[in-house]
Structures are given as structure tokens and as C-alpha cells.
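*Asks:* Need coordinates for the following:
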Amino acid sequence: MLNFKLVSKKSLFGIVYRIRFNLRVIKNINYNYNYRSILIVIFALQIISRIFLSIFYISGSSAFNSVINIHFLINRGWFVRFFHANRASIIILLLILHIRIKLYYRNYIKIDVWCIRVTILLLSILSAFLRYVLPWGQISFWRATVITNILTTVPLFRRVLVEWVWRGFSVSVMTLTRFYTFHFIFPLVILRLMLIHLFYIHKLGSSNPLNVWGYNKINFNRYFFIKDLVTVITILIVLVLLVTEVPLTFIDADNWMINNPIVTPEHIKPEWYFLFVYRILRSIPDKRLRVIVILLAILVFYIISLRSFFKYKTINFSNNIIIKLVLIVFACNYFILTYLRRIHVLPHYTFYNQILTIVYFLIILFILK
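*Replies:* Residues are numbered from 1 along each chain as shown. Prediction:
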């Protein structure tokens, strides 16, 4: 085994060793702490695959043909592209689970750590949306049209804002070029936020099941590191099986057709992580009220942290049965809203969706209280 004492503390390996291997953690940590390690590894692979795809991708009118060429003309190009696309969904799923468990452990009382975590999730979702527009297929074009039209609800500056995003009077190849630029910038911003997030965790301490912030700690290396390594390998095996066996699980079949601005698809279904938000939009008839409700549904996670700054209350979530039940109902409400958007729009389903939307905000109010 390597003698880490011989490693220079100023070298890159020495810094990584002090941050990850020589970390002091609370004794009562559990398996939920694996999310952090998995996210770091998968995000690093995401950046590598993005660099490879950008070598062969051509932004503009030839975008659709360049994606087809990556699949059929580039050696193993289909594997890298499917690996990149499916891994984006895995990253967002792990981020949602990570925030869910931190909400349960009441980690939002640490405003710096919590706000950066939520911001990383929002930027990841936005980057994933930009990624889905880049193939420039039929669904890519119309999803970009629907989502960017939300900006028309902004008062006073709506026309200027929409035309700035479109770089014209409608979604075009100029819009695609702008989205391609943002799709490259956002991961760099996320990477910087992740480093800041890790810095705050090592400075302020991480959450734990019993909310114990004492000094009774143990070294992270080597048994916890081995558990993290086993989990990372398992996730990568699942990703490889997903790419090789069912690669089109998170890709719409209509997106293999080149975009046609004249023909509107019968069903414009967003990605699964947008279904929850999109279903809330469908439950409200007024367009401006829809946008306000969506902003509240997103900003409420920042409001929870800010409220805890002014009103600190020590609650042991692990022993509070009511809080456990509320968070279970909150998770079930999220998945039911996601499922309802996958089925056809019917009057009774719309009614159920309106009830579940009200329940969502009632649970948030309960947590704020």
C-alpha cells in the first residue's frame, strides 16, 4: 500500500488525499453519504464525454446530420452519445435523492451549503434541457419553442427577452448556436459550485441522522472509501447495461426525425425531470399565474433555508414520526405528479393534478412552520 506520508502536501495528490481520504466524519454516517462520491465520478465522466462529442458535433443547419454521423460513422460514437444522454438523467436523479435526504436531515439550516446544492440541481436541469435541444430533431425544436415561450409572460421586457434568447423572431439555428454555448458554460459553473460546496462541507461539517455536530469522529479512509468505490462501480455497470440494452429509454422516438417548423407533433412530452413542473403548469388556466406558481415551487427551497436563518428550531427528524410521514407524502406527491403528466390529458386527471398541486404547497407550508 502507498505510504501517504511521503506524498507532498502541496501536490495535487496530497490535496485530494487530505480532502477525501484523510477526512474526519461523524461515526453515525450511513449509506446515504454515497450520493456525493457517485455524483463527483459521474459528473467527471460527463465532462469527458462532452469533450469527445463536441469534436464531431456541428452546430447550425448541419446539427441533425452531425448527430447521425456520430452514431453511424464514428467508431463507438453511438455508445458515447447514449452514455452521455442517459448519464444526465442519472445525475439529476441522484441530485434529487441527495437533496431529499438532506431535507430529511434538516441540512437547510446551513444556508451556504443548502443554497449551493439547490443551485447545482437547477443548473443541471437547465443544462440537460439545452442538451436535448442540440440534436435538432422534431421534438428538440418544439420543446425549445414551448419552453422559451414561457418568457413571454415577463412584463415590459418580454419581447426583448424572447428575441434575445432566440437571436431572431423564432427558434432557429441561431438559437441552437446560443444554446450550444450555454451548454458548455453551465458545466464549468457547476464544477466551480461543486468545489465551493465541498469547501463549505469541510468547513461547516456535514449533516447526519442524529444532528450531532460534536468532535467524536473517525477517519473516512479506508472502509468508507471502499464502500463508495463498490457503489460507483455498481452504478457504472447499470449505466453500461442501460446504454447497451435499452439506450432509448430517456430519448423520444420522434426526435430521430429532422425538425419541421410547419408540422407540430401530436404530443410534446418533456423529460421526466420536467414532468412535475409541466403538470403544475397544466393545472392552472392563466398563463401568468402558471409562471408565478412554478417560480414559487422552485424558489421555495431557498425560502426554507432563509427562514431557518431567522428562526432556528432544533428538530430531530430521525425521531419525529410526523416529519417522517410528511416527507414520505411529499415524495409520493412528486412521483404521482410525474406519472400524471405521462398519460393523456383527461378532465378527471386534471382535477387530481390540481389537488396534488395544492397538497405540494401545503406540505411546504408545514415544513416552513
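*Asks:* okay, CA-based contacts and neighbour counts for the rest of this
*Replies:* Noted.
*Asks:* Same question for the residue positioned nearest the centre of the chain, what's its three-state structure.
*Replies:* Nearest to the geometric centre of the chain sits residue 92, at 3.2 Å (CA atoms, centre = their mean). Following DSSP: H, G, I helix; E, B strand; the rest coil, residue 92 is assigned to helix.
*Asks:* Tell me how far it lies from residue 334.
*Replies:* Residue 92 is 15 Å from residue 334, where distance means CA to CA, to the nearest Å.
*Asks:* Tell me, please, where in the stretch 1-150 of the chain the pLDDT is lower than the cut-off.
*Replies:* Flagging of the stretch 1-150 of the chain using pLDDT under 70 yields the residue ranges 1-28.
*Asks:* As a check, name the ranges of all helices in it.
*Replies:* Assigned by DSSP state H, counting those that start in this stretch, the stretch 1-150 of the chain shows helices spanning 12-16, 34-56, 63-72, 77-104, 111-133, 138-148.
*Asks:* Go through those and name the closest to residue 362.
*Replies:* Nearest to residue 362, of all those, is helix 77-104, at 16.2 Å by CA to CA.
*Asks:* Which strands or helices does that closest one pack on?
*Replies:* Applying 3 or more CA pairs under 8 Å, 6 or more residues apart in numbering; DSSP states H and E, we find helix 77-104 packed against helix 34-56, helix 63-72, helix 111-133, helix 223-245.
*Asks:* list the buried ones in it?
*Replies:* Under the neighbour-count criterion of 16 or more other CA atoms under 10 Å, helix 77-104 has 77-89, 91-92, 94-95, 98-99, 101-104 buried.
*Asks:* which residues does the spatially closest residue to residue 179 that is not a sequence neighbour contact?
*Replies:* Distances taken as CA to CA, 6 or more residues apart in numbering put residue 130 closest to residue 179, at 5.8 Å, once the chain neighbours are dropped. Applying CA atoms under 8 Å, 6 or more residues apart in numbering, we find residue 130 in contact with 179-180, 182-183.
*Asks:* Over to residue 49?
*Replies:* When contacts are counted by CA under 8 Å, 6+ apart, residue 49 touches 80-81, 84.
*Asks:* how about 7 Å then?
*Replies:* Going by CA atoms under 7 Å, 6 or more residues apart in numbering, residue 49 touches 80, 84.
*Asks:* how near is the residue nearest to the centre of the chain to residue 99?
*Replies:* Taken as CA to CA, the span from residue 92 to residue 99 is 11 Å.
*Asks:* Restricting the selection to alpha carbons, write stretch 261-279 to PDB.
*Replies:* C-alpha atoms of stretch 261-279 as PDB (Å, rounded to 0.1, in the frame of the first residue of the first chain):
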ATOM      1  CA  PRO A 261     -41.400  24.100 -38.100                       C
ATOM      2  CA  ILE A 262     -44.700  23.600 -40.100                       C
ATOM      3  CA  VAL A 263     -45.800  20.300 -38.500                       C
ATOM      4  CA  THR A 264     -46.500  20.200 -34.800                       C
ATOM      5  CA  PRO A 265     -46.000  16.900 -33.000                       C
ATOM      6  CA  GLU A 266     -49.100  15.300 -31.600                       C
ATOM      7  CA  HIS A 267     -47.600  15.000 -28.100                       C
ATOM      8  CA  ILE A 268     -44.700  17.200 -26.900                       C
ATOM      9  CA  LYS A 269     -43.700  15.400 -23.700                       C
ATOM     10  CA  PRO A 270     -40.700  16.800 -21.800                       C
ATOM     11  CA  GLU A 271     -38.000  14.900 -20.000                       C
ATOM     12  CA  TRP A 272     -39.100  13.000 -16.800                       C
ATOM     13  CA  TYR A 273     -37.500  15.600 -14.500                       C
ATOM     14  CA  PHE A 274     -39.600  18.300 -16.200                       C
ATOM     15  CA  LEU A 275     -42.900  16.400 -15.900                       C
ATOM     16  CA  PHE A 276     -43.500  17.500 -12.300                       C
ATOM     17  CA  VAL A 277     -43.200  21.200 -13.300                       C
ATOM     18  CA  TYR A 278     -45.100  20.800 -16.500                       C
ATOM     19  CA  ARG A 279     -48.000  19.100 -14.700                       C
END
